[in-house]
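> For reference, the sequence and a predicted model appear below.
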2 protein chains.
Amino acid sequence: MTADSARITAVDTYDVRFPTSRELDGSDAMNPDPDYSAAYVVLRTDAGDGHEGHGFTFTIGRGNDVQVAAIDALRPHVLGRSVQELCADPGSLSRDLIGDSQLRWLGPEKGVMHMAIGAVVNALWDLAAKREGKPLWQLLAQATPEWLVSQVDFRYIADALTPEDALTLLREGRTGLARREALLLERGYPGYTTSPGWLGYSDDKLTRLAKQAVTDGFRQIKLKVGADLNDDIRRLRTARAAVGDDIRIAVDANQRWNVDEAIEWTKALAEFDPYWIEEPTSPDDVLGHAAVRQAVGPVKVATGEHVQNRIVFKQLLQAGAIDVLQIDAARVGGVNENLAILLLAAKFGVPVCPHAGGVGLCELVQHLSMFDYLALSGTTENRVIEYVDHLHQHFTVPVVMRDGHYTAPLAPGFSATMREASIAEFRYPDGAFWVADRAGLSDQENVA
Amino acid sequence: MTADSARITAVDTYDVRFPTSRELDGSDAMNPDPDYSAAYVVLRTDAGDGHEGHGFTFTIGRGNDVQVAAIDALRPHVLGRSVQELCADPGSLSRDLIGDSQLRWLGPEKGVMHMAIGAVVNALWDLAAKREGKPLWQLLAQATPEWLVSQVDFRYIADALTPEDALTLLREGRTGLARREALLLERGYPGYTTSPGWLGYSDDKLTRLAKQAVTDGFRQIKLKVGADLNDDIRRLRTARAAVGDDIRIAVDANQRWNVDEAIEWTKALAEFDPYWIEEPTSPDDVLGHAAVRQAVGPVKVATGEHVQNRIVFKQLLQAGAIDVLQIDAARVGGVNENLAILLLAAKFGVPVCPHAGGVGLCELVQHLSMFDYLALSGTTENRVIEYVDHLHQHFTVPVVMRDGHYTAPLAPGFSATMREASIAEFRYPDGAFWVADRAGLSDQENVA
């Protein structure tokens, strides 16, 4: 069968869960015991070239099965479609999935159904990049501005960003691309690390990991806050003592506060010079973030990992509610919607510092920031990608950090491919780990 | 077993779908072919009193299975719980469900997971009202202000509505309650009808149904718009000719437009004196609605049926973005969150005109408006509940309209109980209707 007639022959889904809650990795003020998980999808074809498209939604445990069911509901839109046509125009699939009026009712464009769309759309981009033999960041950076604009859904954002605006930004963004690509390949893209700052860690562990972060070349670390103010003051003092005054320390409340609390609490931490306060309140509260930002400067306000779609990001920018925009590769409707969000950020001149960590989020989102640097914003100034040293070993092309920077991945695709052995071991509930776990801990079997 | 020791013994779910798309009932500019469906849940107990709690999420077809999976994911939080404790404090279950940090990740408080919480919480209120032997509107209207305030989650809305504000509103709202209850029982609560205005109907059918609506006592009808401007002008002219100048005609774009389009299109319809423009753009776009409202007055701006939670409603009110707030009984996190939204509307002095129709939405939401009239806003002025004459026959206590008014239901509960025979016939895919349908239309079996 030639490539031209190749079809999508399977949309296989997997419920993969890692038992991270046992170590309090990932613990914060709202999420005390996450089991980092992936609702994982593989697009298979009959092209005979060995390429598959991999994608996933990141969750933190329970409900991963609901997310898998949502991806399953999209299968009829994908099966039997022309591989070549879809890869030439991933936006066409994105529009089909978002445009299914019956499924749209379940959002629209938010929550479980929208993240499922994101997983499938991202899997298609992975496939497209593999077939092109390029890492996704390079495929995007080499694409024409006209084609990139064709990949964006301007519905509900055209009052802030028109297709003409986008074209202008992308045309101007290409100036100096070759020089920046050389720099990127040489130095990588700056990261910051959250590994020292989980709420469940002791002060000793915090100090040790914070010092290690500086040794490893990071210029910014992040601490979780929001459970207890006195603890936060002590931990922030501890961290500041460990890293000195030249390292940025961001703090992250994971939506713990109401607006007034956010303002008071952030001011109480100000003496330790936090660089940004992340998720001070509900990700839905545009006006609330604007009020917080008005009150807590010079501390910057950051949010985005739970922002549901481009429409809310648009308003955060219109309202002057954020200093730092945090995209997430697997929360919104995939690469296409993240292109819209990167363009909105560029239009408003707000730096993008992606959320990552979880399972595979670092692997994915680095591609989007590298594209942004090469062909849109043109700078890494005040821009850093979150880094957490969890679970990278489960991916066939894990991120490689060097001197606090993400090394540009050279393997074709979106770096989304999880190792088959990892899927086999951590599939829930029938993977080898979970079977053994239940056998050894049968009294916990029915714990909710 | 005595009532005190009774437990929740089952959380049974059903995927129920009605083939409404065959008649173009419910067709609008965004939803051309809905199959009205319910992800239905029944709470069973061992109290031995015969009472069950019924609730559901309304969907329009595909994805109803995803919604059922989401309700299933909540089962461990409900099974085995004390019936008496839960019924005495439904807010405790609401908080548990919203507070499950792993499930919260899938929202938070939006989309599939949040609607599932709403279904379960509403089922509990149905059970509580049945055990009290009261229709839900009466249970709520007779509750103390203090208890009602205890049922509200003020997280993320306290900057606009404090518990003290809520208490004051509810205390003041009780003045004259007995007189209003007598009026309610005598006259009912005013409705308006959308039955004439579906986009798929011919002009003749529109004229006939619009005249019938006036004959039936309705003082407001609603037309779907947004697919084609010339068609809309013709249909609105037709409707205005049919009902005369004294009947209000609302128009509903079902999120079809960008902000600029919404303004232009609404202005083009202004000569026919539309009462409100409903869902002019994305339900997520607070600032967009504010811009539309600024431009299209005296036409009012209405939205809410797809507004995901109290946090977005709060902002719509804070931004002065709406003239009419449209709660939906089954979109947000159930009665508890709708109490918060009714209180917010009362605080800002914005009338609530609920969305209804679908499957069972009229049955549910009438209870909330009747409570609001009796014990909170104290008025029905400029307030109407949507009415659509679909599918009421499937409920054991269907709404009863009299002279364009909803008659106050007297049966205990939330009017949520679907007839067992209806569930058996329309269960998907194994109910009698769907089995026969596939047998007769086997070539359509795999249509997505």
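Great, that's in hand. Residues are numbered from 1 along each chain as shown, chains lettered A, B, ... in the order given.

> Could you list the low-pLDDT ranges of chain A?
The model of chain A has pLDDT under 70 over residues A:1-3, A:24-26, A:441-448.

> Can you report how many residues lie near the residue of it found nearest chain B?
Using Cβ to the nearest Cβ, the closest approach of chain A to chain B is made by residue A:111 at 2.0 Å. C-beta here means a position set from N, CA and C on the backbone, and glycine is covered the same way. Per other Cβ atoms under 10 Å in any protein chain shown, the neighbour tally for residue A:111 reads 27.

> isn't it right next to residue B:117, touching?
No - Residue A:111 is beyond contact range of residue B:117, at 11.7 Å (criterion: Cβ atoms under 8 Å).

> If you drop the residues flanking it in sequence, what lies closest to the residue of chain A closest to chain B?
residue B:111 (2.0 Å; Cβ to Cβ, 6 or more residues apart in numbering or on different chains).

> Residues contacting the helix or strand containing residue A:336, please?
According to DSSP states H and E, residue A:336 maps onto helix A:335-348. The contact list for helix A:335-348 (Cβ atoms under 8 Å, 6 or more residues apart in numbering or on different chains) reads A:90-91, A:94, A:118, A:121-122, A:125, A:136, A:140, A:148, A:151-154, A:157, A:160-161, A:165-166, A:169-170, A:173, A:309-310, A:313-314, A:317, A:325, A:327, A:329, A:332, A:351-352, A:368, A:371-372, A:376-377, A:414.

> Intersect these with the contacts of chain B.
A:154, A:309, A:314 (Cβ under 8 Å from any Cβ of the partner chain).

> And the helices in the stretch 251-400 of chain A, which stretches?
Using DSSP state H, counting those that start in this stretch, the helices of the stretch 251-400 of chain A run over A:259-269, A:286-296, A:310-318, A:335-348, A:361-375.

> At the contact with chain B, which residues of the stretch 251-400 of chain A appear?
A:255, A:258-260, A:281-288, A:291, A:306, A:308-309, A:311-312, A:314-315, A:318-319.

> Buried only: go through these for me.
A:255, A:258-259, A:281-288, A:291, A:306, A:308-309, A:311-312, A:314-315, A:318-319 (16 or more other Cβ atoms under 10 Å in any protein chain shown).

> about what we covered before: so who does the residue of chain A closest to chain B touch?
Residue A:111 neighbours (Cβ under 8 Å, 6+ apart): A:308, B:106, B:107, B:110, B:111, B:112, B:113, B:114, B:308.

> Report whether stretch A:5-13 contacts chain B.
No - if you take Cβ under 8 Å from any Cβ as the test, stretch A:5-13 misses chain B, and the best it gets is 12.4 Å.

> Can you give me the distance of the closest residue to residue A:237 other than its chain neighbours to residue A:289?
Using Cβ to Cβ, 6+ apart and skipping residues adjacent in sequence, the residue nearest residue A:237 is residue A:272, 6.3 Å away. Separation of residue A:272 from residue A:289 (Cβ to Cβ, to the nearest Å) stands at 22 Å.

> dump the residue contacts of residue A:290.
Counted by Cβ under 8 Å, 6+ apart, residue A:290 has contacts A:319, A:320, A:321.

> all strands in chain A, in order from the N-terminus.
Using DSSP state E, the strands found in chain A span residues A:8-17, A:37-45, A:53-59, A:189-197, A:220-224, A:248-252, A:274-278, A:300-303, A:324-325, A:385-387, A:401-402, A:405-406.

> export those to CSV and tack on mean neighbour count?
Shown next, in CSV, are those (neighbours: other Cβ atoms under 10 Å in any protein chain shown):
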stretch, mean neighbour count
strand A:8-17, 20
strand A:37-45, 26
strand A:53-59, 29
strand A:189-197, 24
strand A:220-224, 26
strand A:248-252, 24
strand A:274-278, 26
strand A:300-303, 26
strand A:324-325, 22
strand A:385-387, 26
strand A:401-402, 16
strand A:405-406, 24
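
> Could you dump those into JSON lines with distance to residue B:190 added?
Shown next, in JSON lines, are the strands of chain A (distance: least, Cβ to Cβ, whole Å):
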{"stretch": "strand A:8-17", "distance to residue B:190": "48"}
{"stretch": "strand A:37-45", "distance to residue B:190": "46"}
{"stretch": "strand A:53-59", "distance to residue B:190": "44"}
{"stretch": "strand A:189-197", "distance to residue B:190": "55"}
{"stretch": "strand A:220-224", "distance to residue B:190": "51"}
{"stretch": "strand A:248-252", "distance to residue B:190": "49"}
{"stretch": "strand A:274-278", "distance to residue B:190": "47"}
{"stretch": "strand A:300-303", "distance to residue B:190": "42"}
{"stretch": "strand A:324-325", "distance to residue B:190": "46"}
{"stretch": "strand A:385-387", "distance to residue B:190": "53"}
{"stretch": "strand A:401-402", "distance to residue B:190": "64"}
{"stretch": "strand A:405-406", "distance to residue B:190": "61"}
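
> okay, now residue A:80: neighbour count?
9.

> ok, residue A:263 touching residue A:297?
No - checked against Cβ under 8 Å, the pair residue A:263 and residue A:297 is beyond contact range at 11.0 Å.

> Settle it for me: which of those two has more neighbours?
Neighbours of residue A:263 and residue A:297, each counted by other Cβ under 10 Å, are more numerous for residue A:263; the result is 21 against 12.

> so who does that one touch?
Counted by Cβ under 8 Å, 6+ apart, residue A:263 has contacts A:291, A:292, A:295, A:296.

> what's the residue closest to the geometric middle of chain A?
With distances taken as Cα atoms, centre = their mean, the residue of chain A nearest its centroid is residue A:328 (2.6 Å).

> wait, that one sits on residue A:303?
No - assessed by Cβ under 8 Å, residue A:328 is found out of contact with residue A:303, at 10.6 Å.

> shared neighbours, those two?
Going by Cβ under 8 Å, 6+ apart, no residue sits against residue A:328 while also sitting against residue A:303.

> What segments of the stretch 1-150 of chain A are helices?
So, for the stretch 1-150 of chain A - with DSSP H, counting those that start in this stretch - the helices run A:64-78, A:83-88, A:90-99, A:101-104, A:111-132, A:136-142, A:145-150.
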